[in-house]
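Engineer: generate a structure from the sequence data that follows.
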Amino acid sequence: MTRQKNIAFALVGLLLAGAPLGFAAENTAAKEILADQPLSLAPSPLTDQFWLDRNGPAGDALLASEEGITAINSAIREEDPLSADVANYPASLPTAQIRAYIAVAAADALTEELWTSGRPVTEAERSAARRSLTFDALGETIPTRRAVTIRRANLRLLPMESAWYEKDDPFQDDCLQGTAVDPGEPVLLLGTNRDGWHFVQMRNYRGWLPADALALADDDDWKLFARPPQFLVVTASRVSVSLPVSPPASTIKKKTPGVPRRSQELPPSVTSHPAETALLFQMGSRLPLSRSTADGWEVILPTAQSGRLVPKVVTIPREEEHFHEGYLPYTMNSLIRQAFRFLGAPYDWGGQEGSVDCSSFAADIYRTVGIELPRDADGQEAVTSPQWHFEGKSGPERYAILQAVPPGSLLFLPGHVMMYLGMDDDGAPLVIHALSRRLSFSPEGQFLSGEPVRRVVVSGLSLPCASGRTFFEELTSAGTMRSSS
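Structural biologist: Prediction:
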């Protein structure tokens, strides 16, 4: 995902280069493989086992220690302006700085010509949106307040639910969508507008969340989610966790009783979100762990009462295929296994409707090993280290670079990110990625059509871009994450 939506649409391409679905093109340089291609060989490049076997013992070598991953995340936060260590965030920020954050988030939506409900966005609607970005501030600084998401919610670039999209967008992907946020996400409230929307800082993004998706928390309760001493990591592409519908009552004993709650409450006109029967978590999410037994896990889920966080201990089945105690080991094989757990998963812009886009696909995978990548593809490209650069390189030089890039690394071209798998038996470089659509061109290079893919697929790099060049030709860099120590 990138804020330059028009570039993202230019990236998708023709998956089978003239071959019928289920078959690869004869030319190995143009071979593309769909996620639903019938398996004729075992293992095939459409399975993680093919790549795990190819990696050999090196695939299980640890790429960074726990201390190394801490250093990687620190370096990311220094490089990426949207990422933050929320557990060590300032108690207050200058009002001018928060207003600048809000302006940056809204900039594209308020300057580009966008559509809504099948018509252009009016100037009156833009003016109303600008007014919604303001809030009453007391003095030159604003205190930051701690909160936790109590359901999966959409973090917005403007404080509104309405969708704005580009006129020529066949899918009407919502340009106001920042990212989807899972339950139990610790956030900092930087300001509240008069309609009850909160402008928040999360671990790798800033934007607006509705008040009914949040619960204000005191220090102890907030730390259960911001710094859990032990936790489960979601390793399935997504999973639902049942939540009892009885009125929430905390079963957590405070280690330090009497810690005062923040005095400022949610706006009185806002009520708590209706009780959920299940909470949806996507890969990489953390569930604080209270106790582990042979039969199940006691996890801490976020519920709310009168706008306040009420941690709830819930027992869930011990399903090793869905969760892992603590982070997975940071190895090439861990990244490959997790990538293939998304194979065939739906694509949607900004992770709406329980989906992934290209950059959340990459970020969710790396989060299972403890690495907190930036949310957008351009931010991810900016922080990867070491990097291999393709710009200005010839075809043979690009191919030679790919031969040196480790599997599990990320490949970038303008507005798009993919995970590199390696070379198949014919020497064709293959990737796995969340793809919006494919373009088809005539032999003379004339554009014919764009067809939706909207899922996670395995493909080669001969997919054509709108420029007429292939993914291979448009590659800008490859990168992975290693600590300097």
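
Engineer: which residue sits closest to the residue most central in space within the chain, ignoring its sequence neighbours?
Structural biologist: For the chain, the residue nearest the mean C-alpha position is residue 360 (2.6 Å; Cα atoms, centre = their mean). Leaving out its chain neighbours, the residue that sits closest to residue 360 by Cβ to Cβ, 6 or more residues apart in numbering is residue 351, at 4.8 Å. For the C-beta atoms, the positions are set from N, CA and C on the backbone; glycine is no exception.

Engineer: ok, back up a step: what about the residue nearest to the centre of the chain, which SS state?
Structural biologist: Here residue 360 takes the helix state, with states given by DSSP: H, G, I helix; E, B strand; the rest coil.

Engineer: next one: residue 174
Structural biologist: At residue 174, secondary structure determined by three-state DSSP is coil.

Engineer: next, the contact list for it, please.
Structural biologist: 163, 164, 165, 349, 350, 352 (Cβ atoms under 8 Å, 6 or more residues apart in numbering).

Engineer: then residue 50?
Structural biologist: Contacts of residue 50 by Cβ under 8 Å, 6+ apart are 43, 44.

Engineer: so it lies in a helix, does it not?
Structural biologist: Yes: using three-state DSSP, the secondary structure at residue 50 is a helix.

Engineer: residue ranges with poor pLDDT in the stretch 201-350 of the chain?
Structural biologist: By pLDDT under 70, the low-scoring segments of the stretch 201-350 of the chain are 245-276.

Engineer: do that again at 90, thanks
Structural biologist: For the stretch 201-350 of the chain, the stretches with pLDDT under 90 are 243-277, 293-295.

Engineer: now the strands for it?
Structural biologist: For the stretch 201-350 of the chain, the strands defined by DSSP state E, counting those that start in this stretch cover 206-210, 214-216, 231-234, 238-242, 278-282, 286-292, 296-305, 308-317, 323-325.

Engineer: tell me the most buried of these?
Structural biologist: strand 214-216 (a mean of 27; mean count of other Cβ atoms under 10 Å).

Engineer: tell me how many other residues surround residue 435.
Structural biologist: A count of nearby residues for residue 435, using other Cβ atoms under 10 Å, gives 26.

Engineer: secondary structure element holding it?
Structural biologist: For residue 435, the element it lies in under DSSP states H and E is strand 429-441.

Engineer: partner strands of that strand, with direction?
Structural biologist: Strand 429-441 has the following strand partners under DSSP bridges: strand 416-423 (antiparallel), strand 447-459 (antiparallel).

Engineer: most packed of those?
Structural biologist: It is strand 416-423: most buried of the strands paired with strand 429-441 by mean count of other Cβ under 10 Å, with a mean of 25.

Engineer: report the distance from it to the chain centre.
Structural biologist: 17 Å (Cα atoms, centre = their mean, to the nearest Å).

Engineer: isn't the residue nearest to the centre of the chain up against residue 375?
Structural biologist: Yes: at 7.1 Å, residue 360 and residue 375 qualify as touching, with contact defined as Cβ atoms under 8 Å.

Engineer: shared neighbours, the two?
Structural biologist: 1, 179.

Engineer: distance of the residue nearest to the centre of the chain relative to residue 283?
Structural biologist: 9 Å (Cβ to Cβ, to the nearest Å).

Engineer: check residue 70 too.
Structural biologist: 21 Å.

Engineer: so for the two, which residue has more residues nearby?
Structural biologist: residue 283 (26 against 13).

Engineer: isn't the more buried one right up against residue 182?
Structural biologist: No: if you go by Cβ under 8 Å, residue 283 and residue 182 don't touch, sitting 9.7 Å apart.

Engineer: list the residues that contact residue 79.
Structural biologist: Counted by Cβ under 8 Å, 6+ apart, residue 79 has contacts 382, 383.

Engineer: run the last query once more with 10 Å
Structural biologist: Residue 79 is in contact with 374, 379, 382, 383, 384, 385, counting by Cβ atoms under 10 Å, 6 or more residues apart in numbering.

Engineer: out of those, who's nearest residue 332?
Structural biologist: Taking Cβ to Cβ as the measure, residue 332 lies nearest residue 384 of these, at 15.0 Å.

Engineer: follow-up on the earlier one: ok, of the contacts of residue 79, which come out buried?
Structural biologist: With burial judged by 16 or more other Cβ atoms under 10 Å, the buried subset of these is 374, 379, 382, 383, 384.

Engineer: distance to residue 475 and pLDDT added to those, as CSV?
Structural biologist: Listed next are those as CSV, based on distance: Cβ to Cβ, whole Å; pLDDT from 0 to 100:
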residue, distance to residue 475, pLDDT
374, 19, 98
379, 18, 97
382, 16, 97
383, 18, 97
384, 13, 96
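
Engineer: of those, which belong to helices?
Structural biologist: When DSSP state H defines the helices, the subset of the buried ones among the contacts of residue 79 inside them is 379, 382, 383.

Engineer: can you list these in TSV and add distance to residue 458?
Structural biologist: Output for these, formatted as TSV (distance: Cβ to Cβ, whole Å):
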residue	distance to residue 458
379	25
382	26
383	25
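
Engineer: and the helices in the stretch 151-300 of the chain?
Structural biologist: Assigned by DSSP state H, counting those that start in this stretch, the stretch 151-300 of the chain shows helices spanning 219-226.

Engineer: follow-up on the earlier one: and which of the contacts of residue 174 is nearest to residue 108?
Structural biologist: Distances from residue 108 to these, taken by Cβ to Cβ, are shortest for residue 164, at 10.0 Å.

Engineer: give me the number of residues near the closest one?
Structural biologist: Neighbour tally, residue 164, other Cβ under 10 Å: 24.

Engineer: just give the nearest non-adjacent residue to it, would you?
Structural biologist: Using Cβ to Cβ, 6+ apart, the closest residue to residue 164 is residue 114 (4.2 Å).

Engineer: quick check: the one you found touching residue 166?
Structural biologist: Yes: using Cβ atoms under 10 Å, residue 114 is in contact with residue 166, at 6.5 Å.

Engineer: quick one, which of those two is more surrounded?
Structural biologist: Neighbour count, other Cβ under 10 Å: between residue 114 and residue 166, residue 114 has more, with 22 against 17.

Engineer: list the contacts of that one.
Structural biologist: Contacts of residue 114 (Cβ under 10 Å, 6+ apart): 5, 108, 120-121, 125-126, 163-167, 169, 174-176.
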